[in-house]
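Undergrad: Curious how this folds, go ahead:
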Amino acid sequence: MFAVRNILTISKREISRFRTRFTGKSSFVILGILTICLIITYIIYHEEFALSKGLYTVGIPPDSTAITDARFNVVTLDLETGRTMLQNKAIDIYIYRNQAICRDDDRSQYAAGALKQYLERWELARIANEYSSNQAFPLRIEINHLKAPAGNLDTKTQISLSDILGLTESSAIQEPSGISEEGLPTPPQPATSSTDAALRQQLDEFRSGNKLPKFKAEFASDKEIIIPSLMNPPMPLAQVVMAFLYVVPILFVSVFFTSSFMEEKTGRKLTILLSAPITPLQIILGKILPYIGYSVVAIIAITLLLKGNILLALAIFIPVMLFILSIYLMVALTYRTFRDQTFFSVLAVAVITAYLVGPAMFSGVSDLSYISPLTLAVEMYRGGSFGLTEYFLSTAPMYLIFLLALFVGKRIFNEEYFTGFKPLLTKFAEAIYLVMDRNHLYISVFLLSLFLIPIVFMVQLSSIVIASNLPLPFVFGVVLITSALVEETAKSSGIAVLLNNGIIKSLKGVLLLSFISALGFWIGEKLLLYLALSVITESVFTKAIFSTGLLVIPLIMHFASTSIVCLTTARFGTKYYPAAIMAGSVLHTLYNLCVTGVIL
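TA: Down below sits the predicted model:
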């Protein structure tokens, strides 16, 4: 109870400091930024968002029917002017009566193909308008999402997050078809047919051009009706941009959090707090709690604006918020000057944006997209669904990194570390040394290797996403080399720090710690492997990185490569630690090549 009171007292003080930042001219700047964000949200929400908007220029006669497709920039021209402008490449195609006049070059032919597609779709809508929806045209498909039977060992039981939150919509009930006097089945009555109702709604929206993006923060119902002939291919860019609007205010708030932390650190006010009967963890929680509150309010406000489901939006974006705040907490604790803090804050924004947005752009194309929580938001936008395995694959590393950041922050929260002007690598080495318990070295090395797994996991999966877009000869190089370097650094960093501080004296101790570090990493790797492969289809990349299908052999490899790194560092000194990592990574990469069958 006393600890909670201390946290709330610091939070109240932090809120007062935060309010002072919105006085004077700064309030107008903040208001302007928020206004711009709202305008962007409105445009994306109420307009058709497409990269191809206005791509082709089409000329039509004055009495022609209007073209409403966003891909076409329509200009009204008479026949003679239209032919002249088409010849001069001022327009891409000219429509006259029932003819489309175009050039022989690629651009004009592409415009003709796009126009043909547009006219075919509108012809479908016109025919549908003339015929009863109870007839065979247009084709509609009713999708029913079936759950695997409980207790069946041959199938996977997929538990949807909507089942836990109680968000799944009730399926519409249709009256069964009857039998006519001629012995033929009669269609369901329009008044009770959810299929026909959905059909008419989609046709009406298509004819009216009302294709507004509906960001629904909820799962699709168990029963869904689609018209294949009217379906657009999935383009996740607009959904990803809209989902990223949740992240913008979180980044905005995080900058204020790290700036406030830096001000109190450079002004030695944090040192004064340390002299009070309060723990470092209480200080960190007290300072971070208001910004968590501000971020939650922003998530709720955006969800209400988009008429979504608040519980599901919070479930998706709270781990994103904690992940971002943990990164900015480490920036604030590690750096001494505002110049360094500003540089690395901007770098953090770039890294966070790339990690969240990049994988989400492959939504519906690759299972790897689920490493980003924005993919879950894209699924909400499309009215899709996802299960607990996809949710935890996206969010579990972020929760774990936040807990790791709190633990590290608690251990390095001291005046000597705050006030030291040292290079970045030296500061990281000091942080690792402070995190470890010198009285329990074996346990510390084991846990350090285990707790670094989420970071390694995120880097490795990101490398797969990046490599999948590269030319084939470079794919293996990027994935395997990145994986080896990151893993060897994570496994050996704690031992290298102990060597640098003279804690380990013998080669026997180095070998024993190398095995313990390899064991911790191997256990964490296998735990996350089972989670990842329940979502991501096994490929040559996942086989190389995680050694799927193997059990003891990866442990031997981890021990051998870690031993090479640590023994080389012990023999030649920490000055040659980067070279030692390269040597261990060579063995690691050769092992990965053997696993993938490249070399035998």
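Undergrad: Please spell out the segments of the stretch 401-550 of the chain that come in under the pLDDT threshold.
TA: Low-confidence segments of the stretch 401-550 of the chain (pLDDT under 70): 419-420, 465, 467-473, 529-550.
Undergrad: That one: helices as residue ranges?
TA: When assigned using DSSP state H, counting those that start in this stretch, the helices of the stretch 401-550 of the chain occupy the ranges 415-418, 424-435, 441-451, 453-467, 472-500, 507-533, 540-546.
Undergrad: Buried ones in the third one, by neighbour count?
TA: Put plainly, it is helix 441-451. The neighbour-count check on helix 441-451 (16 or more other C-beta atoms under 10 Å) flags 441, 444-451 as buried. For every residue, glycine as well, the C-beta is placed using N, CA and C.
Undergrad: what about the helices of the stretch 401-550 of the chain, which gets the closest to residue 242?
TA: helix 453-467 (20.7 Å; C-beta to C-beta).
Undergrad: Could you export the closest one as PDB, CA atoms only?
TA: Provided in PDB are the C-alpha atoms of helix 453-467 (Å, rounded to 0.1, in the frame of the first residue of the first chain):
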ATOM      1  CA  ILE A 453      15.400 -14.100 -26.800                       C
ATOM      2  CA  PRO A 454      12.500 -11.800 -27.500                       C
ATOM      3  CA  ILE A 455      14.800  -9.100 -28.900                       C
ATOM      4  CA  VAL A 456      16.700 -11.700 -31.000                       C
ATOM      5  CA  PHE A 457      13.300 -13.200 -32.100                       C
ATOM      6  CA  MET A 458      12.000  -9.800 -33.400                       C
ATOM      7  CA  VAL A 459      15.300  -9.100 -35.300                       C
ATOM      8  CA  GLN A 460      15.300 -12.500 -36.900                       C
ATOM      9  CA  LEU A 461      11.700 -12.400 -38.100                       C
ATOM     10  CA  SER A 462      12.200  -8.900 -39.400                       C
ATOM     11  CA  SER A 463      15.200 -10.100 -41.400                       C
ATOM     12  CA  ILE A 464      13.000 -12.700 -43.000                       C
ATOM     13  CA  VAL A 465      10.500 -10.100 -44.000                       C
ATOM     14  CA  ILE A 466      13.200  -7.900 -45.400                       C
ATOM     15  CA  ALA A 467      15.000 -10.700 -47.200                       C
END
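Undergrad: what's next to stretch 261-277, contact-wise?
TA: Under the contact criterion C-beta atoms under 8 Å, 6 or more residues apart in numbering, stretch 261-277 has outside partners 10, 280, 283, 287, 329, 332-333, 335-338, 341, 413-415, 418.
Undergrad: average pLDDT across it?
TA: In this model, stretch 261-277 carries a mean pLDDT of 77.
Undergrad: got it, and stretch 332-348?
TA: Across stretch 332-348, the average pLDDT comes to 74.
Undergrad: Start the count at 642 instead of 1 going forward.
TA: From this message on, residue numbering opens at 642, which makes the last subject stretch 973-989.
Undergrad: can you list the residues that contact that stretch?
TA: For stretch 973-989, contacts defined as C-beta under 8 Å, 6+ apart pick out 896, 898-900, 902-903, 906-907, 968-969, 972, 1049-1050, 1053-1054, 1058-1062, 1065, 1068-1069, 1072.
Undergrad: at 10 Å instead, please
TA: If you take C-beta atoms under 10 Å, 6 or more residues apart in numbering as the criterion, stretch 973-989 is touched by 892, 895-896, 898-907, 911, 925, 928, 965, 968-969, 971-972, 992, 1046, 1049-1050, 1053-1054, 1058-1063, 1065, 1068-1069, 1071-1072.
Undergrad: Can I get the helices of the stretch 1042-1191 of the chain in CSV including distance to residue 673?
TA: Formatted as CSV, the helices of the stretch 1042-1191 of the chain follow (distance: least, C-beta to C-beta, whole Å):
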stretch, distance to residue 673
helix 1056-1059, 34
helix 1065-1076, 34
helix 1082-1092, 42
helix 1094-1108, 34
helix 1113-1141, 40
helix 1148-1174, 43
helix 1181-1187, 45
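Undergrad: Tell me which of the ones you listed sits nearest to residue 1028.
TA: helix 1148-1174 (12.0 Å).
Undergrad: For that closest one, enumerate the helices and strands it packs against.
TA: helix 1029-1053, helix 1082-1092, helix 1094-1108, helix 1113-1141, helix 1181-1187, helix 1193-1213 (3 or more C-beta pairs under 10 Å, 6 or more residues apart in numbering; DSSP states H and E).
Undergrad: And the contacts of stretch 973-989, which of them are buried?
TA: Judged by 16+ other C-beta under 10 Å, buried ones among those: 892, 895-896, 898-903, 905-906, 911, 925, 928, 965, 968-969, 971-972, 1046, 1049-1050, 1053-1054, 1058-1059, 1068, 1071-1072.
Undergrad: Give the buried residues for stretch 1142-1151.
TA: Quick answer for stretch 1142-1151 (16+ other C-beta under 10 Å): 1145, 1150-1151.
Undergrad: May I have the distance across it, first residue to last?
TA: Start and end residues of stretch 1142-1151 are separated by 14 Å (C-alpha to C-alpha, to the nearest Å).
Undergrad: related to what we said a few turns ago, make JSON lines from the helices and strands packed on helix 1148-1174 and add distance to residue 1019 to it.
TA: Formatted as JSON lines, those follow (distance: least, C-beta to C-beta, whole Å):
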{"stretch": "helix 1029-1053", "distance to residue 1019": "11"}
{"stretch": "helix 1082-1092", "distance to residue 1019": "30"}
{"stretch": "helix 1094-1108", "distance to residue 1019": "15"}
{"stretch": "helix 1113-1141", "distance to residue 1019": "24"}
{"stretch": "helix 1181-1187", "distance to residue 1019": "22"}
{"stretch": "helix 1193-1213", "distance to residue 1019": "34"}
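Undergrad: Pretty sure residue 718 is one of the things residue 732 touches, is it not?
TA: Yes - applying C-beta atoms under 10 Å, one finds residue 732 in contact with residue 718, separated by 7.5 Å.
Undergrad: Give me the helices and strands touching the helix or strand where residue 735 lies, please.
TA: Element membership for residue 735, per DSSP states H and E: strand 734-737. For strand 734-737, the packing partners by 3+ C-beta pairs under 10 Å, 6+ apart come out as strand 697-701, strand 713-717, helix 720-728, strand 740-743, helix 747-771.
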